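Participant: Predicted model and sequence below, questions to follow.
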Amino acid sequence: MNSERSQSSPTPRAVFSGFAYQALNSALLPTSAAPGEFLNPILSGCWPDPTLIRVGADFHLANSSFTQFPGLPIHHSRDLVNWSLLTHAIDRPTQLRYAGLSTSRGLFAPSLSHHAGRWYLLCTMVDAGGNFILTAEKPEGPWSDPVWLDFGGIDPSLFVDRDGSAWIVHNDEPQGPPRYDGHRALWLQRIDLQTLKMVGPRRMLVDGGADPSSRPIWIEGPHLFRRGEWLYLCCAEGGTSLEHSQVILRAHSLDGPFEAWQAGNPILTQRDLDPSAPDAVTCAGHAQLVELADGSWWASFLACRPDNRVRRGGHWLNGRETFLLPVQWTADGWPRILPRRERIPLRLRAPFGATQRPQPASFRWQAGDTLDAYWLALRAPHAARVVDGKLHLPVRADRADSSEQTPAVLLRRVQHGAFEAECALAPPSQGVAGLLLFQSERQQLRLLAGRVGSELQVAVEQVNAGHAQRVGALALGHGAASLRLRMRCDGDRVSFDLATTDAGWRALPASVDARDISVQAAGDGLHFTGALIGLYAVQAFSP
C-alpha cells in the first residue's frame, strides 16, 4: 500500500493575521454616560430575551442564542449597568444537537433562577428536543447536561414559593383548539427540584392574554414573583416585532384567578409611537422585574433601534438588544415600567449612583492574541486556532448559506447601524476566505479572496432571499503576499475595499443596500437574531 495515499490529506487552512471592527460616528448614540448615568441599551448588538436576577449584591443576566455556539451567554454585574460576559451555559457540543436548525430556531428565551445555593437555567430547544433545565453550583459553571421536561410550548420559568414548593410557568397551546391565529395560553405545573421531574397535573393560568376580548396574540415569556400580599404574573404579548408589549396580572395565590391590570396594561410598549423617528426604540417587551436591596425595582427587556439617523426606513441590523428601566409601583400595588405613549429614554439616572463605562465602539484581534469569549460559530464549536501567532480557519465545503451545514466561521455581534470591519490574510492556496456579514442563511454578504487557476481574485457575493450571486470582483493577477479586505456600512449602503502590500485601499465595483442584510429582509417578526460579522473560509466561490 502506498504510505502517502494511506494517510489522510491535511485540511487546507486560511491564515489571518488581524481583524478589526469599528463603529462609524454617523450612527453612534452617545458613547459615554455622565457621572451617575447610564445609556440604553445596556447590551448593544444581538442580546435578545434577557432574563435578570439578583443574588445578594450580584446581578446575573442570560440571553437567547438560537443556533449560535457557544450558547446561552451569562453576564455578571454589581450595578446593573456595567456588565461582563461570565460564561456560556452551553459550551460543549455534547449538550445539544443543532444539526439542521436555521438561524432563528434552536435556543429560545431562557430563564435564570437561584434557590438554596443551586443555580437553574430553563430554556427551550425549538425543533430539537423541547424544554429542558440546566443546573450549576455557581453561575460561571460548569453547567450540567440538559434534563428534558415533559411539556410542550416555550419559555419555561421557575418559581419557588414561600413554602418551598417549586413550579414552572410556560407558554403552550390553549386547552381545546385555538380560537384564532396566535392564540396561546400560560400553564403551571409543579416540579421536584431534587429529581427535576414534573409532578402532578398541569393547570392553565391565562387563556389568550390580559384582555381575551381583544384576541391578544403570542402571550409568552412569563415570570412569577411575589411582592407583599400579591403574586404577580408578568408576561409578553403581541409578538416580538412592532406590536410587542409587556402585561401584568396578579392573584393572591397560585390557585388564582389571575386578574389583569385593566387600567394600566400594557406596562411597557412602543407600538403607539412613530417607529421612524430619529431616536425611536421599537419592539419593546419580554421584560423581567428585579427588586434591589433598597426596595427599588428595575426591569430588563428587549427592544430594537431602527437606523433612522441615516435613513428613515425603520430597518435595523443589530436585532433585539437588552435595555433597562426603573419600575414605578402605584399606590394600589401595580408595577409600571413606562407610561403608555412615552418613548424609551436612552439616557437616565443609574441605580446605585453608578456611572456606566463606555460600551466599546470597536473590537480587534491581531496576530498573537488569544480568542475571547465573544467569538461565535454556527451550530458547532468554531474550528479557529491560533498557531504561531496567526489565526487559522479550516477551508471546508460547508457553506454559510446552508442550515444543514457547519461552516468555518468566526463571528462577532454587530453593535451599530454604521460600522466598518476589515481583516488581514494571506491569500489561501486552496479555497477562498475573507469577511462574512451574516444576518441569516438567506441574507448575507461575503468579501472573499481566492485563486481561480493561477489568478488571485477578490469577489463580493450577496445572498438575498436565499439566492447567491456575485455583485462585484477584481482580478489581481498572480497575487500578493498579503491582503486586507474591508466592508463599510454607513447605515444606507455597504461598500467593499481591498488593499495589497504594495498599494493602498481601492474600492471594488460593488455597493449593496443595507436593508438587504437587515432583520426585516430576513423575516422581521419571524427572524429573531441580529447581524454577525467576522471571518469565513470555504472551498470555492459561489457558483
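Facilitator: Arrived safely. The structure displayed is predicted, hence computed values, not measured ones.
Participant: any low-confidence regions in the stretch 401-543 of the chain?
Facilitator: Judged against pLDDT under 70, the stretch 401-543 of the chain has no low-scoring part.
Participant: Mind listing the residues bridging to Arg506?
Facilitator: Leu498 (DSSP bridges).
Participant: Distance check, it against Leu498.
Facilitator: 6 Å (Cβ to Cβ, to the nearest Å). C-betas here are computed from N, CA, C, even on glycine.
Participant: do the same with Pro142
Facilitator: Distance from Pro142 to Leu498, by Cβ to Cβ: 43 Å.
Participant: Looking at these two, which has the bigger crowd around it?
Facilitator: Leu498 (21 against 13; other Cβ atoms under 10 Å).
Participant: thinking Ala480 is in contact with Asp502, fair?
Facilitator: Yes - between Ala480 and Asp502 there is a contact under Cβ atoms under 8 Å: 7.2 Å.
Participant: and those two? which has more neighbours close in?
Facilitator: Between Ala480 and Asp502, counted using other Cβ under 10 Å, Ala480 has the larger neighbour count: 17 against 7.
Participant: How much space separates that one from Gln539?
Facilitator: 21 Å.
Participant: Next: Gly368.
Facilitator: 28 Å.
Participant: neighbour count winner among these two?
Facilitator: A count of neighbours by other Cβ under 10 Å puts Gln539 above the other of Gly368 and Gln539, at 16 against 11.
Participant: got the contact list for Trp297?
Facilitator: 289-291, 326-327, 329, 335 (Cβ atoms under 8 Å, 6 or more residues apart in numbering).
Participant: and which of the residues you listed is nearest to Pro41?
Facilitator: Pro326 (15.3 Å; Cβ to Cβ).
Participant: in what helix or strand does the closest one lie?
Facilitator: Element membership of Pro326 [criterion: DSSP states H and E] is strand 321-329.
Participant: So for that strand, what gets flagged as buried?
Facilitator: Within strand 321-329, the residues that count as buried by 16 or more other Cβ atoms under 10 Å are 321-327.
Participant: after it, next one along is what?
Facilitator: strand 335-336.
Participant: could you give the mean pLDDT of that following strand?
Facilitator: Here strand 335-336 scores 98 as its mean pLDDT.
Participant: what touches both of Arg506 and Leu498?
Facilitator: With Cβ under 8 Å, 6+ apart as the test, Arg506 and Leu498 both reach Leu474.
Participant: So which residues of this structure form helices?
Facilitator: 3-6, 519-522 (DSSP state H).
Participant: Can you get me the start-to-end distance on stretch 102-120?
Facilitator: Taking Cα to Cα, to the nearest Å, the first and last residues of stretch 102-120 lie 27 Å apart.
Participant: Centre of the chain to it, how far?
Facilitator: Put simply, stretch 102-120 sits 13 Å off its chain's centre (Cα atoms, centre = their mean, to the nearest Å).
Participant: Could you do stretch 189-209 as well?
Facilitator: From the chain centre to the centre of stretch 189-209 is a distance of 28 Å (Cα atoms, centre = their mean).
Participant: tell me which residues in it are buried?
Facilitator: Those buried within stretch 189-209 under the rule 16+ other Cβ under 10 Å are 189-191, 193, 196, 198, 202, 205-206, 208-209.
Participant: Tell me which residues are up against it.
Facilitator: With Cβ under 8 Å, 6+ apart, stretch 189-209 has contacts from 115, 118, 120, 133, 135, 147, 149-151, 158, 160, 165-169, 174-175, 179, 183-188, 215-217, 219, 222, 233, 235, 237, 247, 249, 256, 258.
Participant: The residues you listed in strands, which ones?
Facilitator: 115, 118, 120, 133, 135, 147, 158, 160, 166-169, 185-188, 222, 233, 235, 237, 247, 249 (DSSP state E).
Participant: Of those residues, keep whichever come out buried.
Facilitator: For the ones in strands among the contacts of stretch 189-209, buried by 16+ other Cβ under 10 Å: 120, 133, 135, 158, 160, 166-169, 185-188, 222, 233, 235, 237, 247, 249.
Participant: which stretches of this structure have low pLDDT?
Facilitator: Using pLDDT under 70, the chain drops low at 1-9, 26-31, 309-313.
Participant: for the residue lying closest to Leu535 once chain neighbours are set aside, what are its contacts?
Facilitator: Nearest non-adjacent residue to Leu535, counting by Cβ to Cβ, 6 or more residues apart in numbering: Leu410, 4.6 Å away. For Leu410, the contacting residues are 371, 375-377, 382, 384, 391, 393, 534-535, by Cβ under 8 Å, 6+ apart.
Participant: now Leu149
Facilitator: 122, 130-133, 156, 168, 191, 196, 198.
Participant: now, which of those sits nearest Gln462?
Facilitator: Of these, the one sitting nearest to Gln462 (Cβ to Cβ) turns out to be Gly130, at 35.9 Å.
Participant: correct me, but that closest one touches Thr124?
Facilitator: Yes - counting by Cβ under 8 Å, Thr124 is a contact partner of Gly130 at 6.5 Å.
Participant: neighbour count winner among these two?
Facilitator: Thr124 (25 against 17).
Participant: what separates the more buried one from Gly106, distance-wise?
Facilitator: For Thr124, the distance to Gly106 - Cβ to Cβ - is 9 Å.
Participant: now do Ile517
Facilitator: 20 Å.
Participant: and what of Ala128?
Facilitator: Counting by Cβ to Cβ - Ala128 and Gly106 are separated by 7 Å.
Participant: shared neighbours, the two?
Facilitator: Tyr98.
Participant: who has more neighbours, the two?
Facilitator: Neighbours were counted for Ala128 and for Gly106 using other Cβ under 10 Å; Gly106 has more, 28 against 16.
Participant: and that one, what does it touch?
Facilitator: 65-68, 71, 98, 125-128.
Participant: Leu292 and Trp298 touch, don't they?
Facilitator: Yes - counting by Cβ under 8 Å, Leu292 does reach Trp298; the two are 6.8 Å apart.
Participant: Find residues that contact each of those two.
Facilitator: Counting by Cβ under 8 Å, 6+ apart, the common neighbours of Leu292 and Trp298 are Pro351.
Participant: Those two - which one has more neighbours?
Facilitator: Neighbour count, other Cβ under 10 Å: between Leu292 and Trp298, Trp298 has more, with 20 against 15.
Participant: what about that one, distance to Val463?
Facilitator: Relative to Val463, Trp298 is positioned 40 Å away (Cβ to Cβ).
Participant: And Ser454, by the same measure?
Facilitator: Applying Cβ to Cβ to Ser454 and Val463 gives a distance of 28 Å.
Participant: Same check on Asp172?
Facilitator: From Asp172 to Val463 the distance is 35 Å (Cβ to Cβ).
Participant: Between these two, which is the more surrounded one?
Facilitator: Val463 (23 against 19).
Participant: For the more buried one, list each beta-bridge partner.
Facilitator: Applying DSSP bridges, one finds that Val463 bridges with Gln444, Ala468.
Participant: wait, it sits on Asp401?
Facilitator: Yes - contact criterion Cβ under 8 Å: Val463 and Asp401 qualify, at 4.8 Å.
Participant: and for these two, which residues touch both?
Facilitator: Contacts common to Val463 and Asp401, judged by Cβ under 8 Å, 6+ apart, are 441-442, 444.
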